[in-house]
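Q: Could you look at this predicted model? Sequence included:
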Amino acid sequence: MSTFFPTAEYAEDQPLARTILTTHVLIRGFQLGSAIGLLNSGAAYLINRRSLTAPILLRSAGTGAIIGTGIAGVALVARMWGRDEIEWKDRSWRLRYNSGQVAVDNWGEPGAVLGAVVVVSSGLARPAAGNLRGVLGGAGVGSLVGIVGCMCLKSVLPGKDGKHVDGKL
């Protein structure tokens with residue numbers, strides 16, 4: 001997302017504020033829903049001793065992604081209903097200048113694309129109407145893997161000032 005939208009120098013001048021904030025919230029809902037779907041499958045395995053296979057995990061992550069995206073969209077509308085345009089601009093501007101958010105975007109979105117491509121190409125879920133949840137689950141899992149990779153890399157590599165990203169040497 002960070003490369004697709006322009007960034008203004010001041011919050012008052014931020015273009016596409018509603019689009020930036022809406023995209024951010026929906027992507028985070030997609031990622032959170034995928035994680036909850038995976039945890040749900042794991043809990044079902046532990047409780048019922050149901051077998052866990054890759055297609056089951058992918059469908060569960062895909063269902064969670066759909067539900068998470070929907071809930072995030074409703075929450076955004078509920079939170080921002082009746083807000084002034086400057087509030088939209090300020091929130092989207094802060095997202096664009098937050099280096100952590102930009103890093104998560106730069107790793108999570110390519111991870112989602114790669115995850116969906118891997119699922120389709122490996123034959124775990126054909127992009128038919130019934131297996132769309134599996135493809136979405138692959139995108140969700142890929143996005144989560146990208147975020148974990150981002151967090152691991154940030155904790156290992158030093159920042160510009162020679163300190164680690166969390167401020168410790």
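A: That came through fine. Since this is a predicted model, take the numbers as computed values, not measurements.

Q: Flag the shaky bits of this structure, pLDDT-wise.
A: 1-2, 125-130, 158-169 (pLDDT under 70).

Q: Can you name the next helix or strand after the lengthiest helix in the chain?
A: Taking DSSP state H as the criterion, the chain has its longest helix at helix 17-48. The first helix or strand that comes after helix 17-48 along the chain, using DSSP states H and E, is helix 54-80.

Q: any idea how far the closest residue to L132 other than its chain neighbours lies from L157?
A: In space, and not counting its chain neighbours, L132 is closest to G62: 7.2 Å by C-beta to C-beta, 6 or more residues apart in numbering. From N, CA and C alone the C-beta is placed, and that goes for glycine too. Using C-beta to C-beta, to the nearest Å, we find G62 at a distance of 33 Å from L157.

Q: and if you look at L52?
A: 34 Å.

Q: what's around the residue nearest to L132, how many residues?
A: As a burial measure, G62 scores 26 neighbours (other C-beta atoms under 10 Å).

Q: For it, list the residues it contacts.
A: Neighbouring residues of G62 by C-beta atoms under 8 Å, 6 or more residues apart in numbering: S34, G37, L132, R133, G134, V135, L136, G137, G138, G140.

Q: Just give me the neighbour total for the nearest residue to Y97 once chain neighbours are set aside.
A: Spatial nearest neighbour of Y97, chain neighbours left out: T7 (7.1 Å); criterion: C-beta to C-beta, 6+ apart. By other C-beta under 10 Å, the residues close to T7 number 15.
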